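Trainee: build me a model:
(2 chains)
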Amino acid sequence: SQQGEEDPQALSIQEGENATMNCSYKTSINNLQWYRQNSGRGLVHLILIRSNEREKHSGRLRVTLDTSKKSSSLLITASRAADTASYFCATDDGYSTLTFGKGTMLLVSP
Amino acid sequence: DAGVIQSPRHEVTEMGQEVTLRCKPISGHDYLFWYRQTMMRGLELLIYFNNNVPIDDSGMPEDRFSAKMPNASFSTLKIQPSEPRDSAVYFCASRLTGGGNEKLFFGSGTQLSVL
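Mentor: Sure, this is the predicted structure:
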């Protein structure tokens, strides 16, 4: 069953703009992770935020977590055409497995 | 390390045929996961292994699906007989326990088409 649900399903922006994707989930989590998938490729881990953290940064990525609302957001600043991909949130409930949402397709136009 | 290696990259077969997908996890990783990705259902966990032992296969859709991990460096996912609704991308992923490092490393996937 799906745990995380990303919003929006698709996002189209221009290079240089910021992209924000949201993820909502239903049950308690140990941590929440974001992955990127380029067309025809496997998923690549981007960033992990633990349940006791509220914000985390990695390069142009900023992730927030609100456990009271069971939601997370991924912000990509100053987007580039190479950021075009699908982005997935995945929740870790502490039982060894990750449950993925259906993803947000991001298109960054030059 | 070369990462998680899956083969074949593409598989086209006819309904009723046996299909075997292969995976080599990253050396030293103690968890191995098989996921299936479709547009309709997204990424679904099929089965996972810990130290070569199957832990949870509740995601395996039917008895037609089976998975093995005979050693730490090799796993197979078999579908027999295959059906058109099995068409999907199948991913293998591995992970190393401990050190607060819970991220998964994915292979490039096997695109399966059952005609």
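Trainee: is the closest residue to chain A within chain B bridged to anything, and to what?
Mentor: Relative to chain A, the nearest point of chain B is B:Phe106 (3.4 Å; C-beta to the nearest C-beta). C-betas here are computed from N, CA, C, even on glycine. Taking DSSP bridges as the rule, B:Phe106 bridges to B:Ala93.
Trainee: roughly how far apart are it and A:Gln37?
Mentor: Taking C-beta to C-beta, to the nearest Å as the measure, B:Phe106 falls 8 Å from A:Gln37.
Trainee: where do the strands sit along the chain?
Mentor: If you meant another chain, say so; for now it's chain A. A:5-7, A:10-14, A:19-24, A:31-37, A:43-50, A:55-58, A:61-66, A:71-76, A:85-92, A:98-100, A:104-109 (DSSP state E).
Trainee: actually, chain B is the one I wanted.
Mentor: For chain B, the strands defined by DSSP E occupy B:5-7, B:10-13, B:19-24, B:31-38, B:42-50, B:53-56, B:65-71, B:74-79, B:88-95, B:105-106, B:110-114.
Trainee: including mean pLDDT and mean neighbour count, could those go into a markdown table?
Mentor: Shown next, in a markdown table, are the strands of chain B (pLDDT from 0 to 100; neighbours: other C-beta atoms under 10 Å in any protein chain shown):
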| stretch | mean pLDDT | mean neighbour count |
| --- | --- | --- |
| strand B:5-7 | 97 | 17 |
| strand B:10-13 | 97 | 14 |
| strand B:19-24 | 98 | 20 |
| strand B:31-38 | 96 | 22 |
| strand B:42-50 | 95 | 20 |
| strand B:53-56 | 95 | 14 |
| strand B:65-71 | 97 | 15 |
| strand B:74-79 | 98 | 19 |
| strand B:88-95 | 97 | 23 |
| strand B:105-106 | 96 | 20 |
| strand B:110-114 | 98 | 19 |
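Trainee: as TSV, those strands with distance to A:Leu98 would be great.
Mentor: Converted to TSV, these look like this (distance: least, C-beta to C-beta, whole Å):
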stretch	distance to A:Leu98
strand B:5-7	18
strand B:10-13	25
strand B:19-24	17
strand B:31-38	8
strand B:42-50	8
strand B:53-56	13
strand B:65-71	18
strand B:74-79	18
strand B:88-95	9
strand B:105-106	11
strand B:110-114	20
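Trainee: run through the bridge partners of B:Val114.
Mentor: Bridge pairing for B:Val114 - DSSP bridges - gives B:Thr13.
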